[in-house]
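Enquirer: just need the structure, nothing else, for what follows:
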Amino acid sequence: MSVKSNAAETVVPGRLYLYLAPVGTVAPTDATVALAAGWRSVGHTTEDSLKFKEEPNFESMKSAQSDFAVRQFQTADAVTVEMDLLQWSAANFKAVYGGGKIAEIMPSGGLDKDARHYKFVPPRIGERIEIAALLEVLDGGKHYRFVFPRAMQLEGVANDLQKGSGSKLPLRLGLLGGDDTDAWYMLTDDPAFKES
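Expert: Numbers count the residues shown, from 1 in each chain. Prediction:
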C-alpha cells in the first residue's frame, strides 16, 4: 500500500507546554482531559529548545560465512527530553537541579522585619529525585500529549548569565523505565493515527 500525500497529516506545533509532577501522579487518560491535581506548568520556555530524542542501542551478530552482520538485536533504549525554562521559581529550580532544599531565612541587618529571603541548596550525591513529565503539543485542533511517568535530571547545569539577555534554566531529563510500565507513550486525537 502506498502512502498518499496529505498535508493534513503534517504537524506544525502552534503551542508547546511542559508539565511536571511527582512520580505516581495520575496521568491523563486521553489527549484533552483536564490534568489531575499535582501537575504544574513550568511556564515560559524558549521557542526552539525542545528536543525529544530516542536512542536505541544495538549489537551485531557476525558470522564466518558473511561479510555482513547476520542478525541485529536491541540491547538497551534511552530517551531524553530537553527544554530551556525561562521562569525562575522554587519548583523549576528543583526540577533543573534534580531536587534540593529551599528554606526561608530572615535577612540579617534588614530594617523590614517582615521581609523574607530564601536559600536554595542543590541535592547531594544520592539525593536526586525522580519526577513525572508531560509534554503537550497543539497544532490547530490536533492535540498530542507525550507522557513520561519517570524521569530524572541527568546532566549538570550550565547557567549562562549575560547582561541584557534572558536567563535560561536547562532542563535535561533522562527517562527511566520498569518491567511493568511503559517508559513513555503518546495520547492524541489526531484522526491520522486511526489504523485501517
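
Enquirer: excluding its backbone neighbours, what's nearest the most centrally placed residue in the chain?
Expert: Using Cα atoms, centre = their mean, the residue of the chain that lies closest to the mean C-alpha position is residue 81, 4.4 Å off. Leaving out its chain neighbours, the residue that sits closest to residue 81 by Cβ to Cβ, 6 or more residues apart in numbering is residue 173, at 4.5 Å. Heads up, the C-betas are built off the backbone N, CA and C, glycines and all.

Enquirer: which SSE is that neighbour in?
Expert: When secondary structure is defined by DSSP states H and E, residue 173 falls within strand 169-175.

Enquirer: run me through the strand neighbours of the very next helix or strand once past that strand, direction for each.
Expert: Later in the chain than strand 169-175, the nearest helix or strand by DSSP H and E is strand 185-188. Applying DSSP bridges, strand 185-188 is found paired with strand 142-153 (antiparallel).

Enquirer: surely residue 94 and residue 100 touch.
Expert: Yes. Counting by Cβ atoms under 8 Å, residue 94 does reach residue 100; the two are 5.4 Å apart.

Enquirer: low-scoring pLDDT stretches of the chain, where are they?
Expert: Per-residue confidence for the chain (pLDDT under 70) gives these ranges: 1-3, 109-111, 113, 164, 196.

Enquirer: which parts of it are strands?
Expert: Counting by DSSP state E, the chain has strands at residues 15-22, 40-41, 51-54, 57-61, 71-76, 79-85, 101-105, 117-121, 131-139, 142-153, 169-175, 185-188.

Enquirer: how about those strands in CSV, adding distance to residue 9?
Expert: As requested, these are exported to CSV (distance: least, Cβ to Cβ, whole Å):
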stretch, distance to residue 9
strand 15-22, 19
strand 40-41, 28
strand 51-54, 19
strand 57-61, 29
strand 71-76, 28
strand 79-85, 24
strand 101-105, 45
strand 117-121, 45
strand 131-139, 11
strand 142-153, 10
strand 169-175, 27
strand 185-188, 12
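
Enquirer: what pairs with the strand holding residue 173, parallel or antiparallel?
Expert: Sheet pairing here is set by DSSP bridges, and for strand 169-175 it gives strand 79-85 (antiparallel), strand 142-153 (antiparallel).

Enquirer: what angle separates the longest one from strand 131-139?
Expert: Here strand 142-153 points in a direction 150 degrees away from that of strand 131-139 (axes from the mean of the first three to the mean of the last three Cα atoms, to 10 degrees).
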